[in-house]
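Enquirer: coordinates only, sequence not included:
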């Protein structure tokens, strides 16, 4: 009997408005030769599900607001002036994990990043296998896909089946992602890791400014340096989110905050991307993802 794990994630890029009264046409268009599926809202790109050969996992790239503003980092897929170029495995929005039976699926580098063969032998890859469902409609579209989690020896350790719902209305973009992970021929253990599972690498103007260089170290002791980031001249609005959750905070009312107040209170995601983890309060994670990606 195979064991399954079901996960549900929601990313809301929006103001809080009625969806039904302002629903827009959402259409998924497959381009097999490009190995991607484009999600269009009234003919304009919202995002694309891409599974290009040189990437080691399918990603949603880019993420756009209702006004067409891109909220995800371009690197390493394209160069954007002023963006950080650290962590090349941080590609727009993705799902994976840092330690599956001792194998790292998180840090697997794209083909254009040089790593010695010894390092590459420690990484797993996630391969797109099939498009199962495409349903278009007014207000929402649904995409069903299957992926295989492949170990360094080529064996398949898990199957991932996703149902991704793309919702749109005036000033609103929402992605609901239901993920089912099914173990194959052996036990699957999600070992403790700071890296996983759903993540978004945001554009520069949404990053928290820093006054000094930073160094992040993974669970194997490998350091990654991140240079100073000065956001002067970058327009952005930061919001504080309050509500009721398991820890008395979560989704609820939002109020605008200036940078000084934000820094004084010490709130917000300090790192330059968002990710969930087994230790996270999911309600706070979703609030953080919502606030950090589209209050522009």
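Expert: That came in fine, so what should we check first? Predicted model only: the values in this text are computed from it and were never measured.
Enquirer: can you pull the buried residues of stretch 191-206?
Expert: 193, 195-204, 206 (16 or more other CB atoms under 10 Å). The way it works is simple: take the backbone N, C-alpha and C, and place the C-beta from them, glycine included.
Enquirer: What about those, which are in strands?
Expert: Secondary structure from DSSP state E places 196-201 of the buried residues of stretch 191-206 in strands.
Enquirer: okay, now residue 189: neighbour count?
Expert: 10 (other CB atoms under 10 Å).
Enquirer: Go ahead and confirm it touches residue 101.
Expert: Yes. Judged on CB atoms under 8 Å, residue 189 makes contact with residue 101 at a distance of 5.5 Å.
Enquirer: quick one: contacts for residue 23?
Expert: When contacts are counted by CB atoms under 8 Å, 6 or more residues apart in numbering, residue 23 touches 138-140, 168-169.
Enquirer: Would you report the backbone torsion angles of the closest residue to it other than its chain neighbours?
Expert: Leaving aside its sequence neighbours, residue 23 sits nearest to residue 139 (CB to CB, 6 or more residues apart in numbering; 3.3 Å). Main-chain dihedrals, residue 139, degrees, to the nearest 10: phi 90, psi -30.
Enquirer: Could you tell me the per-residue confidence at residue 139?
Expert: On pLDDT, residue 139 comes in at 96.
Enquirer: With residue 100 instead?
Expert: pLDDT at residue 100 comes out at 96.
Enquirer: Burial check on it, number of neighbours?
Expert: 22.
Enquirer: what about this protein, any weak spots by pLDDT?
Expert: Within the chain, the stretches with pLDDT under 70 are 1, 14-21, 114-120, 214, 216-227, 229-296.
Enquirer: Could you give me the PyMOL syntax to select whichever of the contacts of residue 23 are buried?
Expert: Of these, the buried ones go into a single PyMOL selection, burial set by 16+ other CB under 10 Å:
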select buried, resi 139+140+168+169
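Enquirer: For residue 189, list the residues it contacts.
Expert: Here residue 189 is in contact with 100-101 (CB under 8 Å, 6+ apart).
Enquirer: before we move on, back to that, ok, which pair from the buried residues of stretch 191-206 is furthest apart?
Expert: The most widely separated members of the buried residues of stretch 191-206, counting by CB to CB, are 193 and 204 (26.8 Å).
Enquirer: For residue 77, give me its contacts.
Expert: Residue 77 is in contact with 61, 91-92, counting by CB under 8 Å, 6+ apart.
Enquirer: returning to that earlier point: ok, the buried residues of stretch 191-206 vs residue 134, which is closest?
Expert: Using CB to CB, residue 198 is the member of these that sits closest to residue 134, with 22.1 Å.
Enquirer: Hmm, the closest one is touching residue 9, no?
Expert: Yes. Residue 198 lies in contact with residue 9 (CB under 8 Å); the separation is 4.7 Å.
Enquirer: which residues in the stretch 1-150 of the chain form helices?
Expert: 117-120 (DSSP state H, counting those that start in this stretch).
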